[in-house]
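**Student:** quick check, what structure comes out for this input:
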Amino acid sequence: MDIVISNSTIFSRRPLPPVPPITSIHKLNHLTTASKNQLLFRPQTNLSLTSSTNASAAVPRFTVSCAAAAGRITEINQTQFPDTVLKSDRPVLVEFVANWCGPCRLIAPAMESIAQEYGDRLVVVKIDHDANPQLIEEYKVYGLPTLILFKNGKEVVESRREGAITKVKLKEYIDSLLESISVA
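**Tutor:** Got it, this is the predicted structure:
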(Lines give C-alpha, C1' and ligand atoms only; values in the text may rest on other atoms or scores of the structure.)
Protein backbone atom coordinates (compact mmCIF):
# COMPACT_ATOMS: atom_id res chain seq x y z
CA MET A 1 0.00 0.00 0.00
CA ASP A 2 1.35 3.45 -0.92
CA ILE A 3 1.17 6.19 1.68
CA VAL A 4 1.42 9.85 0.75
CA ILE A 5 2.49 12.31 3.42
CA SER A 6 2.14 16.01 2.65
CA ASN A 7 2.93 19.15 4.58
CA SER A 8 0.94 21.24 2.11
CA THR A 9 -2.59 22.53 2.40
CA ILE A 10 -5.55 20.18 2.53
CA PHE A 11 -6.77 19.19 -0.94
CA SER A 12 -10.13 17.76 0.08
CA ARG A 13 -13.37 19.67 -0.40
CA ARG A 14 -15.06 17.81 2.44
CA PRO A 15 -14.34 18.77 6.03
CA LEU A 16 -12.04 16.42 7.87
CA PRO A 17 -13.59 14.19 10.51
CA PRO A 18 -12.48 15.04 14.04
CA VAL A 19 -9.23 13.37 15.00
CA PRO A 20 -8.74 12.63 18.70
CA PRO A 21 -5.64 14.47 19.89
CA ILE A 22 -2.76 12.71 21.55
CA THR A 23 -2.95 14.28 24.98
CA SER A 24 0.59 13.58 25.99
CA ILE A 25 3.34 12.59 23.62
CA HIS A 26 5.54 12.07 26.69
CA LYS A 27 3.64 8.88 27.48
CA LEU A 28 5.03 7.50 24.22
CA ASN A 29 8.69 8.18 25.07
CA HIS A 30 9.32 4.52 25.91
CA LEU A 31 8.49 3.58 22.30
CA THR A 32 10.98 3.58 19.47
CA THR A 33 10.66 6.15 16.69
CA ALA A 34 9.36 3.45 14.34
CA SER A 35 6.66 2.47 16.86
CA LYS A 36 5.60 6.10 17.27
CA ASN A 37 5.34 6.48 13.50
CA GLN A 38 3.19 3.36 13.31
CA LEU A 39 0.85 4.84 15.89
CA LEU A 40 0.72 8.21 14.16
CA PHE A 41 0.57 6.96 10.57
CA ARG A 42 -0.96 3.50 10.63
CA PRO A 43 -2.52 2.30 7.34
CA GLN A 44 -6.27 2.71 7.04
CA THR A 45 -8.72 0.15 5.63
CA ASN A 46 -10.70 2.70 3.64
CA LEU A 47 -9.89 5.85 1.75
CA SER A 48 -9.22 8.38 4.42
CA LEU A 49 -7.46 11.61 5.17
CA THR A 50 -6.25 11.90 8.74
CA SER A 51 -4.28 14.52 10.56
CA SER A 52 -1.81 14.23 13.40
CA THR A 53 1.07 16.19 14.81
CA ASN A 54 4.56 15.07 15.58
CA ALA A 55 6.11 16.16 18.88
CA SER A 56 9.24 17.44 17.15
CA ALA A 57 7.41 19.45 14.47
CA ALA A 58 4.57 21.93 14.72
CA VAL A 59 3.44 21.28 11.12
CA PRO A 60 0.50 18.87 10.84
CA ARG A 61 1.04 15.83 8.64
CA PHE A 62 -1.65 14.26 6.54
CA THR A 63 -1.86 10.64 5.47
CA VAL A 64 -3.87 9.44 2.50
CA SER A 65 -4.30 5.72 2.08
CA CYS A 66 -6.52 3.47 0.06
CA ALA A 67 -7.08 -0.25 0.50
CA ALA A 68 -8.45 -2.84 -1.89
CA ALA A 69 -12.21 -2.86 -2.16
CA ALA A 70 -13.75 -5.57 -0.03
CA GLY A 71 -11.35 -8.29 -1.18
CA ARG A 72 -12.79 -8.67 -4.67
CA ILE A 73 -9.43 -9.51 -6.22
CA THR A 74 -7.80 -12.43 -4.46
CA GLU A 75 -4.05 -12.89 -4.61
CA ILE A 76 -3.23 -16.57 -5.02
CA ASN A 77 -0.08 -18.64 -5.38
CA GLN A 78 0.83 -21.72 -7.41
CA THR A 79 -0.47 -24.13 -4.75
CA GLN A 80 -3.90 -22.45 -4.78
CA PHE A 81 -4.03 -22.15 -8.58
CA PRO A 82 -5.55 -25.59 -9.38
CA ASP A 83 -8.46 -25.22 -6.94
CA THR A 84 -9.10 -21.51 -7.49
CA VAL A 85 -8.63 -21.28 -11.26
CA LEU A 86 -8.76 -24.69 -12.89
CA LYS A 87 -11.68 -26.09 -10.86
CA SER A 88 -13.80 -22.92 -10.82
CA ASP A 89 -17.38 -23.16 -12.08
CA ARG A 90 -17.16 -19.55 -13.35
CA PRO A 91 -14.66 -18.00 -15.77
CA VAL A 92 -11.51 -16.77 -14.01
CA LEU A 93 -9.50 -13.76 -15.13
CA VAL A 94 -5.92 -14.20 -13.95
CA GLU A 95 -3.68 -11.14 -13.70
CA PHE A 96 0.07 -11.80 -13.46
CA VAL A 97 1.70 -8.84 -11.68
CA ALA A 98 4.80 -7.77 -9.78
CA ASN A 99 5.33 -5.14 -7.08
CA TRP A 100 8.05 -3.45 -9.12
CA CYS A 101 5.91 -3.26 -12.28
CA GLY A 102 4.71 0.27 -13.07
CA PRO A 103 2.06 -0.76 -15.63
CA CYS A 104 0.70 -3.29 -13.07
CA ARG A 105 0.16 -0.51 -10.56
CA LEU A 106 -1.32 1.64 -13.30
CA ILE A 107 -4.13 -0.80 -14.11
CA ALA A 108 -4.80 -1.89 -10.51
CA PRO A 109 -7.74 0.54 -9.98
CA ALA A 110 -9.35 -0.58 -13.26
CA MET A 111 -8.94 -4.23 -12.25
CA GLU A 112 -10.57 -3.54 -8.86
CA SER A 113 -13.48 -1.86 -10.62
CA ILE A 114 -13.86 -4.77 -13.05
CA ALA A 115 -13.78 -7.27 -10.20
CA GLN A 116 -16.65 -5.43 -8.51
CA GLU A 117 -18.67 -4.87 -11.66
CA TYR A 118 -18.34 -8.39 -13.05
CA GLY A 119 -18.28 -10.17 -9.67
CA ASP A 120 -21.41 -12.21 -10.43
CA ARG A 121 -20.08 -13.52 -13.78
CA LEU A 122 -16.32 -13.60 -13.34
CA VAL A 123 -13.70 -14.41 -10.70
CA VAL A 124 -10.64 -12.13 -10.74
CA VAL A 125 -7.36 -13.26 -9.18
CA LYS A 126 -3.82 -11.97 -9.29
CA ILE A 127 -0.58 -13.88 -9.12
CA ASP A 128 2.76 -12.41 -8.06
CA HIS A 129 5.23 -13.01 -10.87
CA ASP A 130 8.29 -13.24 -8.64
CA ALA A 131 6.81 -15.63 -6.06
CA ASN A 132 5.36 -18.15 -8.56
CA PRO A 133 8.05 -19.11 -11.09
CA GLN A 134 6.44 -22.46 -12.00
CA LEU A 135 3.22 -20.78 -13.15
CA ILE A 136 5.19 -18.12 -15.03
CA GLU A 137 7.09 -20.83 -16.88
CA GLU A 138 4.05 -23.07 -17.47
CA TYR A 139 1.91 -20.27 -18.93
CA LYS A 140 4.84 -18.53 -20.63
CA VAL A 141 4.28 -15.12 -19.10
CA TYR A 142 6.82 -12.85 -20.76
CA GLY A 143 5.42 -9.36 -20.11
CA LEU A 144 3.65 -7.73 -17.20
CA PRO A 145 0.87 -7.29 -16.50
CA THR A 146 -0.48 -10.33 -18.32
CA LEU A 147 -4.18 -11.14 -18.32
CA ILE A 148 -5.41 -14.65 -19.15
CA LEU A 149 -9.01 -15.86 -18.99
CA PHE A 150 -9.65 -19.47 -17.92
CA LYS A 151 -12.89 -21.39 -18.38
CA ASN A 152 -13.47 -25.03 -17.40
CA GLY A 153 -9.82 -25.41 -16.41
CA LYS A 154 -8.41 -24.26 -19.75
CA GLU A 155 -7.01 -21.04 -21.11
CA VAL A 156 -9.56 -19.39 -23.40
CA VAL A 157 -8.15 -19.11 -26.92
CA GLU A 158 -6.89 -15.60 -27.73
CA SER A 159 -7.66 -14.33 -24.23
CA ARG A 160 -4.06 -13.47 -23.38
CA ARG A 161 -3.26 -9.77 -23.15
CA GLU A 162 -0.02 -8.10 -22.04
CA GLY A 163 0.62 -4.55 -20.89
CA ALA A 164 -1.35 -1.69 -19.39
CA ILE A 165 -4.87 -1.03 -20.62
CA THR A 166 -7.46 1.66 -19.94
CA LYS A 167 -10.62 0.79 -18.04
CA VAL A 168 -12.75 1.30 -21.18
CA LYS A 169 -10.56 -1.04 -23.24
CA LEU A 170 -10.44 -3.53 -20.36
CA LYS A 171 -14.25 -3.64 -20.27
CA GLU A 172 -14.38 -4.14 -24.06
CA TYR A 173 -11.81 -6.93 -23.76
CA ILE A 174 -13.74 -8.71 -20.98
CA ASP A 175 -17.15 -8.21 -22.64
CA SER A 176 -15.90 -9.73 -25.90
CA LEU A 177 -14.33 -12.68 -24.07
CA LEU A 178 -17.42 -13.37 -21.96
CA GLU A 179 -19.60 -13.15 -25.07
CA SER A 180 -17.37 -15.56 -27.02
CA ILE A 181 -17.30 -18.17 -24.24
CA SER A 182 -21.04 -17.97 -23.67
CA VAL A 183 -21.66 -18.68 -27.37
CA ALA A 184 -19.18 -21.56 -27.55
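**Student:** please, which helix or strand holds E172?
**Tutor:** helix 167-183 (DSSP states H and E).
**Student:** what mean pLDDT does that helix get?
**Tutor:** The pLDDT scores in helix 167-183 average 93.
**Student:** what is it packed up against?
**Tutor:** Packed against helix 167-183 by the contact rule (3 or more C-beta pairs under 8 Å, 6 or more residues apart in numbering; DSSP states H and E) you find helix 102-117, strand 146-151. In short, each C-beta sits where N, CA and C put it, glycine included.
**Student:** which residues does the closest residue to L147 other than its chain neighbours contact?
**Tutor:** Excluding the flanking residues, the one nearest L147 by C-beta to C-beta, 6 or more residues apart in numbering is R161, at 4.6 Å. Going by C-beta atoms under 8 Å, 6 or more residues apart in numbering, R161 touches 146-148, 173.
**Student:** at 10 Å instead, please
**Tutor:** By C-beta atoms under 10 Å, 6 or more residues apart in numbering, the contact list for R161 reads 95, 143, 145-149, 169-170, 173-174, 177.
**Student:** for the residues you listed, give me a markdown table that also has neighbour count and distance to M111.
**Tutor:** Converted to a markdown table, the contacts of R161 look like this (neighbours: other C-beta atoms under 10 Å; distance: C-beta to C-beta, whole Å):
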| residue | neighbour count | distance to M111 |
| --- | --- | --- |
| E95 | 22 | 6 |
| G143 | 12 | 16 |
| P145 | 24 | 8 |
| T146 | 21 | 12 |
| L147 | 24 | 9 |
| I148 | 19 | 13 |
| L149 | 23 | 13 |
| K169 | 12 | 13 |
| L170 | 19 | 8 |
| Y173 | 17 | 12 |
| I174 | 22 | 10 |
| L177 | 21 | 15 |
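**Student:** so what are the domain limits for this structure?
**Tutor:** Following the assignment in automatic domain parsing, the chain carries domains at 4-65, 74-183.
**Student:** worst average pLDDT in the ones you listed?
**Tutor:** Taking the mean pLDDT of the domains of the chain, domain 4-65 comes last: a mean of 48.
**Student:** looking at the helices and strands packed on helix 167-183, spot the one closest to Y139.
**Tutor:** Checking the helices and strands packed on helix 167-183 against Y139 by C-beta to C-beta gives strand 146-151 as the closest, at 6.5 Å.
**Student:** partners of that closest one, with directions?
**Tutor:** Strand 146-151 has these partner strands in its sheet, going by DSSP bridges: strand 92-97 (antiparallel), strand 154-155 (antiparallel), strand 161-162 (antiparallel).
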